[in-house]
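> My questions concern the predicted model and sequence given below.
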Amino acid sequence: MEPKNKAIPSPETPQQVLKRYWGFDSFRPLQEEVIGEIMQGRDVLVLMPTGGGKSLIYQVPTLAREGLTIVITPLIALMKDQVDRLRAKGIGAVAIHAGLSPRQIDIALDNCAYDPHMRFLYMAPERVPSESLRLRLHKMNVRLIAVDEAHCISQWGYDFRPAYRHIAELRERCPEASMVALTASATSTVANDIMENLRFDEKRIFRGDFSRPNLSYAVRHVEDKNGQLLRLIRNVEGSGTVYVRTREATEEIAEMLRGEGITAAAYHGGLPHTERALRQEEWMSGKARVMVATNAFGMGIDKPDVRFVVHYTMCDSLESYYQEAGRAGRDGKRSYALLMVGPDDAERVRKRFLAEFPPLDKVKEIYEKIGSYLQIPIGEGELGSYSFNIHDFCAREHLYHGMVRAAADLLEQNGYLTLTDEMENPARIIFCVSRDDLYRIRCERDELDPFIRTILRLYNGVFTEFRKIDELEIAHWSGYTVERVKELLKRLWQLRIIRYVPSNRSPLIYYPTERLPKADLYISPETYKIRKELASERFEQMLHYTNASTECRSALMERYFGVEEPRHCGVCDYCLEEKRARKRAPKRVEERILELLHEGPLTIRETIQKSKCSPEQGSEAIDRLLDERKIRQGDDGKIFLR
Ligand code: ADP
Ligand code: MG
């Protein structure tokens, strides 16, 4: 089959594409520069915070020329969301992931090979080595390979996924394509690892701005967390989010706030879909001022005027903290990110970390239990994906949720299974009228006829058994929006024409190989050690953030994200205290420095360290002393008393 020659819009500049499809007038910092590099066919690595606008970096150049872009991302929910958005703009896009049948995947891939209107192919990394892709790649006009969440490539990254290591193999099969790797966080080790692994022609890094000048970070060590929380909510106008650890705590604290006359809603992953949507809407509209939630809340929610984000308990990494706290103040107005720490929180969290990091035997046991829970016989299950209700599993097996996740992580790293993020499971329907009755209904109700016809064409057998349906697919073929499709399905249900089980959410488990007997599992001690060390290191960094009293909080965080010389924000609790102290006693640091130099010459770094002040304070004081000629600097760089 030759590519169809439908009219393709003539190429536009990136600027025009941005305006035409997104309605935006200008690029954000870095976007335009990187897009320029991509248009030149160069490989680039982009480090930019979440919400910085990474998607446009590969979407715009794709639309400004011909050809297909392959986007690799591990998050199914995000993949679907992106595809929906592109389609809503009339741009051809598909996603292939563990939630689809092999037939659906083949159809999607054929479309990418033969339809020049297909511009984006999203896929999960474990699909890269698949035979069905391999067979069709040479027919696709792939110009760009975008690797989202690129830190997953590196085993030094916090979310290493071995499947990412296969991405580089696409190079041979798509010789025309350049690569863009994108991530919200990468130390320089990870950044180098990414570029080497993806075989960049040359190292090119673009680093975005991780500072949030309007966001004031603070940490409070308190015993009475509720009291502290109430003080903040009463002092700051506008709406906010309170993150808590457990599902029960969301309801408890929302209840407490309501008792104090503050409108508050609770949110967690265990609520039914409709209930979650309802509560989210209450908060979005301002009917509920405060949302008390677990970390299931927030991704993909775009509320610009969030004035505060409070963490009732620590996160397990600074990445998560930065991301959750960063949901405050998207509109650029003054906002607050408060982390509350109780007297024995650190100890408790450390203990939990140890309890959750499973010993090797436990990992194997969990593998076995998952297999039995999913009813997969030993020796079977290869390439299968199974809907996995992790909460039900944990309850049944009396296991910690966190431990099961950690075990799944290790199992994934060793190639035994992949636990995906939560995703929508397909809706299912069955017709509960006879074919004759249906024919009559279609004649009587013109408005439903095209819709019913699409369903019948797409899914044969819907008269005899429940069939999985895909609202997106129906939308695609019927020309309705997804929302309209859902409405129409509900309508048919109310009219008792069909029975309809709407989609629900749970993670999937994907088996790249058959289920093995426990004795055959091999978890490399090396990966085990690295994972444990990295997890513990990340947690220690979080602890460091809560305890640090010698650096601006924002600068500390930026440094963690690889910014080499971050500036002080001037608005966090440290900077504010610093300002106050400076007003109180500008002389004190200088006196201390003079005292220190009494003992003998010191380098500037030593002086600052020993005088126990901030680098900024210290260097200002040294400058003043030099100006006033109270001290001098020698040729060796050391300073000494005159
Ligand atoms: P990331 O992937 O970096 O987390 P996204 O690509 O999801 O961020 O973009 C975050 C938001 O920023 C989106 O709502 C997007 O439409 C918006 N955005 C991106 N670029 C621009 C721009 N140039 N002008 C206005 N809004 C933009
Ligand atoms: Mg993104």
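Happy to help now that I have it. Ligands and ions are numbered 1, 2, ... in the order given.
> The strand or helix carrying I509 pairs with which strands, and in what direction?
Using DSSP states H and E, I509 maps to strand 508-510. Here strand 508-510 is paired, per DSSP bridges, with strand 385-387 (antiparallel), strand 418-419 (antiparallel).
> Tabulate those strands in a markdown table, adding columns for mean neighbour count and mean pLDDT.
Quick note: C-beta positions are derived from backbone N, CA and C, even for glycine. Converted to a markdown table, these look like this (neighbours: other Cβ atoms under 10 Å; pLDDT from 0 to 100):
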| stretch | mean neighbour count | mean pLDDT |
| --- | --- | --- |
| strand 385-387 | 18 | 83 |
| strand 418-419 | 21 | 88 |
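> tell me the SS of whichever residue of the stretch 301-450 of the chain sits closest to ligand 1?
Nearest residue of the stretch 301-450 of the chain to ligand 1, counting by Cβ to the nearest ligand atom: D302, 6.0 Å away. Here D302 is recorded as coil under DSSP: H, G, I helix; E, B strand; the rest coil.
> Number of residues surrounding it?
8 (other Cβ atoms under 10 Å).
> same deal with K490?
K490 - counted by other Cβ under 10 Å - has 13 other residues nearby.
> In stretch 567-587, which residues are buried?
Across stretch 567-587, burial judged by 16 or more other Cβ atoms under 10 Å covers H568, C569, V571, C572, D573, Y574, C575, E578.
> Where is pLDDT lowest across those?
Within those, E578 has the lowest pLDDT, namely 86.
> quick one, what contacts the residue nearest to it when sequence neighbours are not counted?
Sequence neighbours aside, S614 is the residue nearest to E578 in space, at 6.3 Å (criterion: Cβ to Cβ, 6 or more residues apart in numbering). S614 makes contacts with T550, E551, C552, H568, E578, as judged by Cβ atoms under 8 Å, 6 or more residues apart in numbering.
> One more: R247?
The contact partners of R247, taken as Cβ under 8 Å, 6+ apart, are H268, G269, G270, T294.
> ditto for T274
For T274, counting by Cβ under 8 Å, 6+ apart, there are no contacting residues.
> among the contacts of S614, which are in helices?
Within the contacts of S614, membership in helices is found for E578, as judged by DSSP state H.
> Looking at the contacts of S614, which one is closest to ligand 1?
C552 (24.0 Å).
> Counting neighbours, what do you get for the closest one?
C552 has 26 nearby residues by other Cβ under 10 Å.
> How about L516?
When neighbours are defined as other Cβ under 10 Å, L516 has 18 of them.
> isn't it right up against G415?
No: taking contacts as Cβ atoms under 8 Å, L516 lies outside contact range of G415: 10.6 Å.
> Would you map the strands across the stretch 151-300 of the chain?
178-183, 205-207, 215-221, 239-243, 264-267, 290-293 (DSSP state E, counting those that start in this stretch).
> Tell me which of those approaches ligand 1 most closely.
Here strand 178-183 is closest among the strands of the stretch 151-300 of the chain (Cβ to the nearest ligand atom), at 7.1 Å.
> Within the sheet, what are the partner strands of that closest one, with directions?
Sheet partners by DSSP bridges: for strand 178-183, these are strand 44-47 (parallel), strand 142-147 (parallel).
> ok, and what's touching that strand?
Contacts of strand 178-183 (Cβ under 8 Å, 6+ apart): 34, 38, 41-48, 54, 57-58, 143-151, 153, 171, 194-195, 198, 200.
> okay but G371 is in contact with G381, surely?
Yes: judged on Cβ under 8 Å, G371 makes contact with G381 at a distance of 7.4 Å.
> Look up the residues that both of these two are in contact with.
By Cβ under 8 Å, 6+ apart, the residues touching both G371 and G381 are R515.
> Need the strands of the stretch 151-300 of the chain in JSON lines (columns: mean pLDDT and mean neighbour count).
Converted to JSON lines, the strands of the stretch 151-300 of the chain look like this (pLDDT from 0 to 100; neighbours: other Cβ atoms under 10 Å):
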{"stretch": "strand 178-183", "mean pLDDT": "96", "mean neighbour count": "26"}
{"stretch": "strand 205-207", "mean pLDDT": "93", "mean neighbour count": "17"}
{"stretch": "strand 215-221", "mean pLDDT": "96", "mean neighbour count": "20"}
{"stretch": "strand 239-243", "mean pLDDT": "97", "mean neighbour count": "25"}
{"stretch": "strand 264-267", "mean pLDDT": "96", "mean neighbour count": "24"}
{"stretch": "strand 290-293", "mean pLDDT": "98", "mean neighbour count": "26"}
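> Output those strands as CSV; include the columns distance to D520.
Below are the strands of the stretch 151-300 of the chain laid out as CSV (distance: least, Cβ to Cβ, whole Å):
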stretch, distance to D520
strand 178-183, 35
strand 205-207, 42
strand 215-221, 47
strand 239-243, 41
strand 264-267, 42
strand 290-293, 41
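> nearest to P343, of those strands?
Of all those, strand 215-221 sits nearest to P343, with 7.6 Å by Cβ to Cβ.
> So what's the gap between the closest one and the chain middle?
Its chain's C-alpha centre and that of strand 215-221 lie 23 Å apart, by Cα atoms, centre = their mean, to the nearest Å.
> ok, it: who's next to it in the sheet?
strand 335-341 (parallel).
> quick check: angle from the partner strand to strand 239-243?
Computed with axes from the mean of the first three to the mean of the last three Cα atoms, to 10 degrees, the direction of strand 335-341 lies at 20 degrees from that of strand 239-243.
> From the chain's centroid, how far away is strand 335-341?
Using Cα atoms, centre = their mean, the offset of strand 335-341 from its chain centre is 21 Å.
> just checking, what packs against the host helix or strand of H391?
Per DSSP H and E: H391 is located in helix 390-397. Under the contact criterion of 3 or more Cβ pairs under 8 Å, 6 or more residues apart in numbering; DSSP states H and E, helix 390-397 touches helix 360-373, helix 401-413.
> Please identify the buried residues of that helix?
I390, F393, C394.
> Throw these into JSON lines and include distance to ligand 1 and pLDDT, thanks.
Shown next, in JSON lines, are the buried residues of helix 390-397 (distance: Cβ to the nearest ligand atom, whole Å; pLDDT from 0 to 100):
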{"residue": "I390", "distance to ligand 1": "25", "pLDDT": "86"}
{"residue": "F393", "distance to ligand 1": "31", "pLDDT": "93"}
{"residue": "C394", "distance to ligand 1": "30", "pLDDT": "92"}
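> mean confidence for whichever strand or helix holds Q16?
Per DSSP H and E: Q16 is located in helix 14-17. Confidence over helix 14-17 (mean pLDDT, whole number) is 96.
> shaky segments in the stretch 401-550 of the chain?
The model of the stretch 401-550 of the chain has pLDDT under 70 over residues 423-425, 504.
> Please identify the deepest-packed of the helices and strands packed on helix 390-397.
When you average the neighbours per residue for each of the helices and strands packed on helix 390-397 (mean count of other Cβ atoms under 10 Å), helix 401-413 leads with a mean of 20.
> CA atoms of that one as CSV?
Output of helix 401-413 as CSV, limited to C-alpha atoms (Å, rounded to 0.1, in the frame of the first residue of the first chain):
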residue,chain,number,x,y,z
HIS,A,401,1.3,-0.8,49.8
GLY,A,402,4.8,0.8,49.8
MET,A,403,6.5,-2.6,50.1
VAL,A,404,4.6,-4.0,47.2
ARG,A,405,5.6,-1.0,45.0
ALA,A,406,9.2,-1.3,46.0
ALA,A,407,9.2,-5.1,45.3
ALA,A,408,7.5,-4.4,41.9
ASP,A,409,10.2,-1.9,41.2
LEU,A,410,12.9,-4.5,41.8
LEU,A,411,11.1,-7.1,39.8
GLU,A,412,10.8,-4.6,36.9
GLN,A,413,14.5,-3.8,37.0
